[in-house]
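Colleague: only geometry, no sequence info:
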């Protein structure tokens, strides 16, 4: 895991309501990006989970402190997101998922971080993947063999962020000390900056383009808006580019819509 300077966060700096909202959105993303037939109760079909994530989105939408000063390429604001997210028909989730991702590797809308790396050298990409796994090991976590996914799949990376946020919340509520709190917040900052955050808007755009409408199109919008809100929370400036060639070929206007 790459080390950077401590975030020097204090207990009074932690907004537990915001942490709860962020954690629930990451959990929703993690489950939503798995094949519906492999998830016991997919969040798209789970009314209570959809209500929780909608409440979380509303909190981020209404809190000015969660809105970034400026948007990066591919990002959108929660303030501009429609309020009717995730309230549509979800009867055909399996068919929609298969139409977007198919059975084999998907090169048009890949849910894997390393597929967005501009450097295609296998050694570089292997090191990048090893760094992802290093973050997991730093929190005594590993990818379950039952996941049948690489460590850089969005569902795995989002679950990791949810776990670390949960541990940050526990550090505050259980008074576990500033060091524990700082480790959790620094890991969130670094992992978002180095891994999940920089490619999430690009994947969101591709997801919206390939899904066209319905649950997965709305997931794409959620990813683009949540990336912007997370940058604000974690004190990270806008990423400079949309990293994937499938996205960068679109004109600037289409990427901001």
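Modeller: Received the coordinates, thanks. Keep in mind it's a predicted model, so treat the numbers as computed, not measured. Residues are numbered from 1 along each chain as shown.

Colleague: Show me where the stretch 1-150 of the chain has its strands.
Modeller: Remark: no strands are assigned in the stretch 1-150 of the chain by DSSP state E, counting those that start in this stretch.

Colleague: Might you list the low-confidence residue ranges for it?
Modeller: 1-14, 104-106, 145-147 (pLDDT under 70).

Colleague: 50 - rerun?
Modeller: Scanning the stretch 1-150 of the chain for pLDDT under 50 picks out the ranges 1-6.

Colleague: residue closest to the middle of the chain?
Modeller: residue 158 (5.1 Å; C-alpha atoms, centre = their mean).

Colleague: Now do the same for that residue: helix, strand or coil?
Modeller: helix (DSSP: H, G, I helix; E, B strand; the rest coil).

Colleague: Isn't it up against residue 195?
Modeller: No: using C-beta atoms under 8 Å, residue 158 is not in contact with residue 195, being 10.8 Å away. (Each C-beta comes from the backbone N, C-alpha and C, glycine too.)

Colleague: From residue 49, how far off is residue 28?
Modeller: 7 Å (C-beta to C-beta, to the nearest Å).

Colleague: Looking at the two, which has the bigger crowd around it?
Modeller: Each of residue 28 and residue 49 has its neighbours counted (other C-beta atoms under 10 Å); residue 28 has more, 26 against 19.

Colleague: Just give the number of residues close to the nearest residue to the more buried one once chain neighbours are set aside.
Modeller: Nearest residue to residue 28, sequence neighbours excluded (C-beta to C-beta, 6 or more residues apart in numbering): residue 53, at 4.3 Å. Using other C-beta under 10 Å, residue 53 has 23 neighbouring residues.

Colleague: For residue 53, which residues are in contact?
Modeller: By C-beta atoms under 8 Å, 6 or more residues apart in numbering, residue 53 lies in contact with 24, 25, 28, 43, 86.

Colleague: I'd like to know which of these is nearest to residue 223.
Modeller: residue 25 (9.8 Å; C-beta to C-beta).

Colleague: The closest one and residue 165: what is the separation?
Modeller: 10 Å.

Colleague: Pretty sure residue 30 sits against residue 153.
Modeller: No: in this structure, residue 30 is not within contact of residue 153 by C-beta under 8 Å, at 9.4 Å.

Colleague: Out of the contacts of residue 53, name the ones that lie in helices.
Modeller: Counting by DSSP state H, the contacts of residue 53 place 24, 25, 28 in helices.

Colleague: Now find how far off-centre stretch 72-81 is within its chain.
Modeller: Remark: stretch 72-81 is offset 14 Å from the chain centroid, using C-alpha atoms, centre = their mean, to the nearest Å.

Colleague: How about residues contacting that stretch?
Modeller: Contact with stretch 72-81 is made by 57, 60-61, 66-68, 71, 201-202, 204-205, 221-222, 224-229, 231, 238-242, 247, 255-256, as judged by C-beta under 8 Å, 6+ apart.

Colleague: One more: stretch 130-140?
Modeller: Applying C-beta under 8 Å, 6+ apart, the external contacts of stretch 130-140 come out as 1-2, 113, 142-143, 151-152, 157, 160, 163-164, 167, 187, 190-191, 194-195.

Colleague: Quick check: buried residues in that stretch?
Modeller: 131, 132, 133, 135, 136, 139 (16 or more other C-beta atoms under 10 Å).

Colleague: can you check stretch 206-214 too?
Modeller: 206, 207, 208, 209, 210, 211.

Colleague: For residue 97, state which of the residues you listed is nearest.
Modeller: Of all those, residue 97 sits closest to residue 211, with 9.4 Å by C-beta to C-beta.

Colleague: surely that closest one meets residue 217?
Modeller: Yes: look at residue 211 against residue 217 with C-beta under 8 Å: they come within range, at 4.0 Å.

Colleague: what's the burial count for residue 89?
Modeller: By other C-beta under 10 Å, neighbour count at residue 89 equals 9.
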